[in-house]
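Colleague: missing the sequence, but the structure's below:
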Ligand SMILES: O=C(O)c1ccccc1NCC(=O)[C@H](O)[C@H](O)COP(=O)(O)O
């Protein structure tokens, strides 16, 4: 099972991911409502510190598209994860302008949200229970998904096998690898090791 660790926000966090090596990390960029938010300048510095082979994803909520495009074009991030109210035209513009895939996150409350994700023009879709609040959603709704998807929302080490059985291509985790709102190396190590076993 592939895994993205979201909400990396300090050099210490980057050193942890360089040690335990998830497939991707997420930088929550310029989202004032999130305690995990980093500025664009912090994102540039953190990204430089991330080892090769770990993909850096920028996580955005209604950020101007030009700003996201610059970060992609400068190589600060390899992919944008959009959590806001972006349109299909916005997604197409960003892909066309940068040549990079776009990941759209959907907060799943009903079958309607699953249907939206299913028909989204995004290259990748993430099904989430919230925005980094460790909030799960009703996985029985996943029966409506036929395209590949990532799974987020309170996923922890005990749920890795179930996420795999539910058909997820990757999991996206933030809260379950934190203690007191800080990334916790032991939790991160255990989660990533569990994902690697599920891959076999
Ligand atoms: O993590 C945040 O604070 C955040 C804020 C605004 C938009 C998105 C955010 N996180 C996006 C993620 O990809 C989270 O890792 C994902 O929702 C899973 O989080 P969790 O349920 O805490 O494991």
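Modeller: Now that the structure is in, tell me what you want to look at. Values in this document were obtained by computation on a predicted structure and should not be read as measured data.

Colleague: Grab the nearest non-local neighbour of the residue of the chain found nearest the ligand.
Modeller: Going by Cβ to the nearest ligand atom, the ligand is nearest to residue 132 of the chain, at 2.2 Å. For the C-beta atoms, the positions are set from N, CA and C on the backbone; glycine is no exception. Leaving out its chain neighbours, the residue that sits closest to residue 132 by Cβ to Cβ, 6 or more residues apart in numbering is residue 174, at 4.7 Å.

Colleague: residue ranges of the helices in this protein, please?
Modeller: Ranges of helices in the chain, per DSSP state H, are 11-20, 40-49, 65-73, 88-98, 111-119, 160-165, 185-199.

Colleague: Compile those helices into JSON lines and extend it with columns for distance to the ligand and mean neighbour count.
Modeller: Below are these laid out as JSON lines (distance: least, Cβ to the nearest ligand atom, whole Å; neighbours: other Cβ atoms under 10 Å):
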{"stretch": "helix 11-20", "distance to the ligand": "13", "mean neighbour count": "18"}
{"stretch": "helix 40-49", "distance to the ligand": "14", "mean neighbour count": "16"}
{"stretch": "helix 65-73", "distance to the ligand": "14", "mean neighbour count": "17"}
{"stretch": "helix 88-98", "distance to the ligand": "16", "mean neighbour count": "15"}
{"stretch": "helix 111-119", "distance to the ligand": "14", "mean neighbour count": "15"}
{"stretch": "helix 160-165", "distance to the ligand": "11", "mean neighbour count": "17"}
{"stretch": "helix 185-199", "distance to the ligand": "10", "mean neighbour count": "17"}
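
Colleague: Would you format those helices as CSV with mean pLDDT and distance to residue 136 included?
Modeller: Supplementary listing: the helices of the chain in CSV, determined by pLDDT from 0 to 100; distance: least, Cβ to Cβ, whole Å:
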stretch, mean pLDDT, distance to residue 136
helix 11-20, 98, 23
helix 40-49, 98, 28
helix 65-73, 97, 28
helix 88-98, 97, 26
helix 111-119, 96, 14
helix 160-165, 96, 11
helix 185-199, 94, 16
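
Colleague: List the residues that contact the nearest residue to residue 25 once chain neighbours are set aside.
Modeller: Using Cβ to Cβ, 6+ apart and skipping residues adjacent in sequence, the residue nearest residue 25 is residue 8, 4.7 Å away. By Cβ atoms under 8 Å, 6 or more residues apart in numbering, the residues touching residue 8 are 14, 17, 25-27, 46, 183.

Colleague: cool, and residue 102?
Modeller: If you count contacts by Cβ under 8 Å, 6+ apart, then residue 102 has 79-80, 82, 91, 94-95, 122-124 around it.
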